[in-house]
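*Asks:* 3D model of this:
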Amino acid sequence: MAGQDDSNDEAFGSTPIPMQFVSNGEFMPLPQSRRQRQVEFLINRMAADRAETLGTTRRRFLQSKAGMAVAFTALNVVYGCSDGDGGASASTTSSTTTFRSTTTEAFAVPEEATLDEDAACELFSGEYFILDSQTHHVDFEGPANPALLNAIFSRFTGCPPEALDPNGPCEPGSPMEKLGRANYLKEIFLDSETTVAMMSGIPAASTNSQVISNDGMAATCDMANELGSSQRCILQGMLTPNFPDTADTGNLGTLVRDMEHLKEDLGIRALKCYTGAGGPNSSYPYEAWWLDDEDVAYPMYEEAQRLGINVVNVHKGFEQGVFDPEHCDPRDFPKAVADWPEINFVCFHSAVDLPPYQHYFDDLMRMKREEMAGANNVYTELGGAWATRVIQGGDATAHFLGQLLMNFGEDQILWGTDAIWNGSPQWQINAMKLFQMPDRLREEFGYPEVTTEIKAKILGLNAAKLYDVDPEEARCLLPGDLIGETKVIYEEQGLASPSNRRYGPTTRREFISLLRSEGFQ
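*Replies:* Numbering: from 1, shown residues only. Purely as a prediction, here's the structure:
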């Protein structure tokens, strides 16, 4: 390309959609599939063609909205080959390969949106209140040793050592810069349309390996809310009711006795629990537990009611990782939901797992139909689940969302992304904006049409009601709103530079290395 040094860009380009499974540190990622490699190759090929036409680098093109449109087009082309009648076609001119999508696909993209930034902006337009129920970062100022955290996460900044070049797609920088609080705020609030983010964490077995504490999450929310002059960040408190009082949790504040501090001092909106954080098949030295365990869980609910906490978020699914697989089963939901009608139970990750595992998700759908039919205090959440379905193509995404809508209904599904492990959440937001239920699947399976109103509920209005957030207040650009003002300047003056970076482990070796570094066996 004349006038452009794109050598490193060609070798290590990052695509707008991560075409491989990215772990949040809780589950072991699968290897990149043949189809995912094909999508990645096609994204880069199409981007190179268009970048040359526009006189820019491939990397810079992939940071644009047109680059995002190219990514969804490639996803349609590769997965459309066997997704039924929703395929795409291709033709080649002397300089550019043209791909045409049909309107029957789950992620329909007009050709002009891959060539013109204004058309791409129109494609991804539509303003929503977006409340992300599951976001993460690493606290390098917290209880764990900063040097240890740097060593742990140096492998997972999305930059192979040979790509650390100022002219390449990965800039030099420590994990502290990439995974810390400041970059979290950039990825969530500047590089995505997220309105309000809920901080989340994973409890560690000891203080030394705690990635972020409840107090650390509260500090992030305090900073975001101060910068935004409004409620831009809310907090869920990690709780481990199965950990004994003698557990080496130091000042992590994850025991039942800490709940008053979490509510009164930190202002949590919900509890975040892990029933699989224990047992012989987990990475924790304590006993696992169930939501309907009257000795372990029920005292926690009693204390929650005393304090005015009425939401319990619980990890289910993603069983191939640090948690006891059996206790990632959602079978404990029906009794707990029935016994505690004033507490709202949220099944995080929608109990999904990576292929070929599907049984926990299927069980959750069945239980909602048969054992929790009519229950209005049980919800499902999309963190990690939506991302892993999108990168498996339109049909996988359609079946997942269709099942949720048929069984839980449009009012009991919450948005979540697991960002920033899988990068800025904007690609997942764009996937929801673009998504349309293919007619053939509606006819065959009875799935509902996914309307703008349903998307608005899923993307934020459902969670706002559950977590007591005022959507109108959060959307206003108030005086002193540094986040909003910065975003306007960032976008209008052409300063936006989405990193297209992933931060979590993408291979079995990286995942195991991460666990060992954190002290897990």
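
*Asks:* What residue spans form the domains of this structure?
*Replies:* Listed by automatic domain parsing, the domain ranges of the chain are 7-125+496-517, 131-143+174-475.

*Asks:* Kindly provide the whole-number mean pLDDT of the shortest one.
*Replies:* Same thing as domain 7-125+496-517. Mean pLDDT, computed over domain 7-125+496-517, is 78.

*Asks:* Please apply the same query to stretch 467-476.
*Replies:* 84.

*Asks:* try stretch 333-344
*Replies:* pLDDT averaged over stretch 333-344 gives 98.

*Asks:* Going by neighbour count, which residues in that stretch are buried?
*Replies:* 333, 334, 336, 337, 340, 343, 344 (16 or more other Cβ atoms under 10 Å). Where C-beta positions appear, they are placed from N, C-alpha and C, glycine not excepted.

*Asks:* Just the element for the fourth one, please.
*Replies:* Under the assignment given by DSSP states H and E, the secondary-structure element containing residue 337 is helix 333-339.

*Asks:* Go ahead and name everything in contact with that helix.
*Replies:* Defining contact as Cβ atoms under 8 Å, 6 or more residues apart in numbering, one finds that helix 333-339 is touched by 291-292, 297-298, 301, 345, 347, 364, 367, 371-372, 375, 377-378.

*Asks:* For the residue nearest to residue 32 when sequence neighbours are not counted, grab the count of nearby residues.
*Replies:* The spatially closest residue to residue 32, leaving aside those adjacent along the chain, is residue 20, at 4.0 Å (Cβ to Cβ, 6 or more residues apart in numbering). By other Cβ atoms under 10 Å, the residues close to residue 20 number 19.

*Asks:* so residue 20 touches residue 388, yeah?
*Replies:* No - using Cβ atoms under 8 Å, residue 20 is not in contact with residue 388, being 10.3 Å away.

*Asks:* I'd like the distance between residue 457 and residue 310.
*Replies:* In this view, residue 457 and residue 310 are 20 Å apart by Cβ to Cβ, to the nearest Å.

*Asks:* How about the contacts made by the residue nearest to residue 32?
*Replies:* 29, 31, 32, 36, 40, 391, 506.

*Asks:* ok, the last one touching residue 24?
*Replies:* Going back to what we said before, that points to residue 506. No - using Cβ under 8 Å, residue 506 is not in contact with residue 24; the gap is 11.5 Å.

*Asks:* and the two? which has more neighbours close in?
*Replies:* residue 24 (24 against 21).

*Asks:* For residue 211, see how far away that one is.
*Replies:* In terms of Cβ to Cβ, residue 24 sits 11 Å off from residue 211.

*Asks:* shared neighbours, those two?
*Replies:* residue 202.

*Asks:* ok, the residue nearest to the spatial centre of the chain - contacts?
*Replies:* Centroid-nearest residue in the chain, with Cα atoms, centre = their mean: residue 417, separated by 1.8 Å. Contacts of residue 417 were listed using Cβ under 8 Å, 6+ apart, and they are 132, 134, 135, 382, 383, 384, 386, 387, 425, 428, 429.

*Asks:* so what pLDDT did the residue lying closest to it once chain neighbours are set aside get?
*Replies:* Counting by Cβ to Cβ, 6+ apart, residue 417 lies nearest to residue 425, which is 3.9 Å off, once chain neighbours are set aside. Looking at residue 425, its pLDDT stands at 96.

*Asks:* neighbours of the closest residue in space to residue 482 that isn't next to it in sequence, just the number please.
*Replies:* Once flanking residues are discounted, residue 482 sits nearest to residue 227: 4.6 Å by Cβ to Cβ, 6+ apart. Residue 227 is flanked by 19 other residues according to other Cβ under 10 Å.

*Asks:* cool, and residue 299?
*Replies:* Neighbour count for residue 299, taken as other Cβ under 10 Å: 13.

*Asks:* One more: residue 306?
*Replies:* Residue 306: 11 neighbours (other Cβ under 10 Å).

*Asks:* In terms of helices and strands, where is it?
*Replies:* With DSSP H and E as the test, residue 306 turns up in helix 297-307.

*Asks:* same for that helix, what does it pack against?
*Replies:* helix 259-264, strand 270-274, strand 311-315, helix 333-339 (3 or more Cβ pairs under 8 Å, 6 or more residues apart in numbering; DSSP states H and E).

*Asks:* just checking, what packs against the longest strand along the chain?
*Replies:* Ranked by residue count under DSSP state E, the longest strand found in the chain is strand 233-239. Judged by 3+ Cβ pairs under 8 Å, 6+ apart, strand 233-239 is in contact with strand 196-199, helix 214-228, helix 259-264, strand 270-274.
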